[in-house]
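Student: Turn this into a model:
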Amino acid sequence: MARQFRFGVSFLESAPAEEWARKCRHAEDLGYDVLLVPDHLGWPAPFPSLVAAAQATQRPRVGTFVLNAAFWNPVLLAREVATTDQLTGGRLELGLGAGYVREEFERAGLDYGTPRSRVDHLERTIAELERLLPERR
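Tutor: Model prediction:
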């Protein structure tokens, strides 16, 4: 079965509101299908950035590339996801990962744990998102 390719752009630098909107509109004009924001400390906060990107554009989906689930309480993340999806007109795509940058955990005051403990948290997060957001499956 053939799959249609989509193209995304990942925004790594924050910008004042009008500049952010201009960058997002420019990416849309270039034909990008998805506007993405990664979840790393020192880079733009994903959810407000994605809401602003959706407000500035018409067509592209917006998404996380990739959200560090270990930084989030699953219930609070579900609230962020549901609100962001609503404010973006259903254009949100959620990428999730277990986290891998030890220095970010240390800067955030979070236990880095083991790879197994981070993957276990990711699994719990996915289960909680599915439970709290069943319509997004």
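
Student: Phi, psi for the residue positioned nearest the centre of the chain please.
Tutor: Nearest residue to the geometric centre of the chain (C-alpha atoms, centre = their mean): Thr64, 2.0 Å. The phi and psi values for Thr64, taken as degrees, to the nearest 10, are phi -90, psi 140.

Student: And for Val9?
Tutor: With angles defined as degrees, to the nearest 10, Val9 sits at phi -130, psi 140.

Student: Test for you: state the pLDDT assigned to it.
Tutor: Model confidence at Val9, given as pLDDT, is 97.

Student: residues contacting it?
Tutor: Contact analysis of Val9 by C-beta atoms under 8 Å, 6 or more residues apart in numbering lists 27, 30, 32, 34-36. For glycine as for every other residue, the C-beta is placed from the backbone atoms N, C-alpha and C.

Student: any idea which of these is the one closest to Ser117?
Tutor: Leu36 (26.7 Å; C-beta to C-beta).

Student: what's the burial count for the closest residue to the closest one other than its chain neighbours?
Tutor: Closest residue to Leu36 apart from its sequence neighbours, by C-beta to C-beta, 6 or more residues apart in numbering: Phe65 at 3.6 Å. By other C-beta atoms under 10 Å, the residues close to Phe65 number 20.
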